[in-house]
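Participant: Got a sequence here, can you build the structure:
(one chain, ligands or ions: 2)
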Amino acid sequence: MREITGNMRVLQSYREKRRQKRSERIRKLYEQHKRIQALLKEHGSDIINSQNFKRTKGHIQHGTMTVHNHCMDVARYSLLINKKLGLHCNKHDLVRGALLHDYFLYDWHDKEYLSQRKRLHGFHHPMTALENAEKEYRLSDRQREIIRKHMWPLTIVPPTCEEAWVVTAADKYCSFRETVGLRKGHGKQAV
Ligand SMILES: [Fe+2]
Ligand SMILES: [Fe+2]
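Facilitator: Residues are numbered from 1 along each chain as shown. Ligands and ions are numbered 1, 2, ... in the order given. Next comes the predicted model:
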């Protein structure tokens, strides 16, 4: 009987430790989410609240993911990569470059675009995004480099700054998850 009671206590303390670990993990994830959201707001609120950026909610990127949510995810993962790898990226350029990296402002799945030069969307869209972003925002050289080179190796010439490498990696990671269905969106939204 004493042995059974002892085993029950061990089991209870094991469960309690697991519960504590789980709530600690959730607390850390929540803190991380809050920190990332604050950085997005600090460095990119004008872009996020603009009409043209909101319009990208009506364009599909991969699967059911909109261009809008894709760019928000790429900005979040860029900040995460910067932190996890202990890099020293300029956060202002990193966030703004990531938010604007796919600022091409059309749906590349539309027949209208498939029949034109947009058939080569993968090659052309970084320059279209850059032209659109230049019209509305004062870009730094790093932000230009992020937008221009995010499709490397299609661009052939590799990125020349840390920030562009980070966004290129975050973009590929997010695109892969969206394409294979690991990260699902909610489809086009009315804007
Ligand atoms: Fe892109
Ligand atoms: Fe992208």
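Participant: how about the helices of this structure, start to end?
Facilitator: 2-48, 51-55, 67-84, 91-100, 111-114, 121-136, 141-149, 162-179 (DSSP state H).
Participant: how about the residues of this structure near ligand 2?
Facilitator: Proximity of the chain to ligand 2, by Cβ under 5 Å from the ion, involves residues 102, 171. Backbone N, C-alpha and C define where each C-beta goes, glycine included.
Participant: Least confident secondary structure element in the chain?
Facilitator: helix 111-114 (a mean of 70; mean pLDDT, DSSP states H and E).
Participant: Could you pull out the buried residues of stretch 163-182?
Facilitator: Neighbour counts using 16 or more other Cβ atoms under 10 Å place 163-171, 173-175, 177-178 of stretch 163-182 among the buried residues.
Participant: where does the chain dip in pLDDT?
Facilitator: 1, 113-119 (pLDDT under 70).
Participant: Centre-most residue in it?
Facilitator: residue 74 (1.4 Å; Cα atoms, centre = their mean).
Participant: got a list of what that one touches?
Facilitator: Residue 74 sits next to 98, 101, 102, 167, 170, 171, 174 when contact means Cβ atoms under 8 Å, 6 or more residues apart in numbering.
Participant: Tell me how far it lies from residue 111.
Facilitator: Residue 74 sits at a distance of 27 Å from residue 111 (criterion: Cβ to Cβ, to the nearest Å).
Participant: Check residue 30 too.
Facilitator: Relative to residue 111, residue 30 is positioned 43 Å away (Cβ to Cβ).
Participant: Please name the nearest non-neighbouring residue to residue 109.
Facilitator: Leaving aside its sequence neighbours, residue 109 sits nearest to residue 60 (Cβ to Cβ, 6 or more residues apart in numbering; 5.6 Å).
Participant: Count the neighbours of that neighbour for me.
Facilitator: 19 (other Cβ atoms under 10 Å).
Participant: Mind listing the residues bridging to it?
Facilitator: Residues in a beta bridge with residue 60, per DSSP bridges, are residue 66.
Participant: Go ahead and confirm it touches residue 187.
Facilitator: Yes: Residue 60 lies in contact with residue 187 (Cβ atoms under 8 Å); the separation is 7.3 Å.
Participant: Adding distance to residue 48 as columns, could you present the contacts of residue 74 in TSV?
Facilitator: Below are the contacts of residue 74 laid out as TSV (distance: Cβ to Cβ, whole Å):
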residue	distance to residue 48
98	12
101	14
102	14
167	16
170	17
171	18
174	17
